[in-house]
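Participant: Prediction below, plus the sequence it came from.
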Amino acid sequence: MIDATTALKRLKDGNQRFVNGLRSIDTMMSHTRRDKLTGGQEPFAIILGCSDSRVPAEIVFDQGLGDLFVIRVAGNIVAPSQIGSVEFAASQFNTRLVVVLGHSSCGAVCATVEEMKRPKSEQSKNIKSIVDRIRPSVEPFKVTELWNDEDALVEEAMRANVRASANQLRHGSDILEDLSENHELLIVGAEYSLETGEVIFFEGLPDKI
């Protein structure tokens, strides 16, 4: 079992390689571990990220087969199925780090802002279910100057949405809450930059990191 601090450093180091256009030998050779993984898995981190095709967690963090337990959904929102997936990995595999990974120019956040400014009379109820989960993170910005600066608004709303998702994981599950309170699980928020490839961890980090 890898502790949360070590897991976080491993992700940061992997992302730095990605930014620099490098790949580790372990990552490139991870396919050779395929047979060993048929009997079980020990992912060192859980990633709740967006479904955006430009943000594949294994590539962004330069990790290989069996390294990450990845949950992807538009807007990195938290619903019961996502909470259950995190619970499963944390309890079954003793994974000690959860990263809620948002990203710049998130389409789901943009769609939420657009819907709030120009409501559509016809919208898929399924897309609406995503927008409705992001909306509370955007709502406070309606009374700020950011409401008239869409680029800045989307950036701040994305970070607010990441914070909200991380908080939901911490307090929306007895299992995860107990693990967090007993310092057996660290839940952090991060942002991936489409422009630079860099991941910035900005929420939930302990003081010693």
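Facilitator: Ah, there it is. Numbers count the residues shown, from 1 in each chain.
Participant: Check which residues of the longest helix along the chain are buried.
Facilitator: If each helix of the chain is counted by residues according to DSSP state H, the longest one is helix 150-171. Of the residues in helix 150-171, those with enough neighbours to count as buried (16 or more other C-beta atoms under 10 Å) are 153-170. The way it works is simple: take the backbone N, C-alpha and C, and place the C-beta from them, glycine included.
Participant: Which elements pack onto that helix?
Facilitator: With contacts defined as 3 or more C-beta pairs under 8 Å, 6 or more residues apart in numbering; DSSP states H and E, the secondary structure elements packing on helix 150-171 are helix 80-92, strand 97-103, helix 107-117, helix 125-138, helix 174-181, strand 186-192, strand 199-203.
Participant: could you give the angle of it to strand 97-103?
Facilitator: Helix 150-171 and strand 97-103 are oriented at 160 degrees to each other (axes from the mean of the first three to the mean of the last three C-alpha atoms, to 10 degrees).
Participant: residues in contact with helix 150-171?
Facilitator: Helix 150-171 is contacted from outside by 48, 75-78, 83, 86, 98, 100-106, 109-110, 112-113, 134, 136-138, 140-141, 146-147, 176-177, 180, 187-191, 202-204, using C-beta atoms under 8 Å, 6 or more residues apart in numbering.
Participant: Which of the helices and strands packed on helix 150-171 sits closest to residue 23?
Facilitator: strand 199-203 (16.0 Å; C-beta to C-beta).
Participant: Next up, the contacts around residue 189.
Facilitator: If you count contacts by C-beta under 8 Å, 6+ apart, residue 189 has them with 99, 100, 102, 159, 162, 163, 165, 166, 201, 202, 203, 204.
Participant: roughly how far apart are it and residue 166?
Facilitator: Residue 189 is 5 Å from residue 166, where distance means C-beta to C-beta, to the nearest Å.
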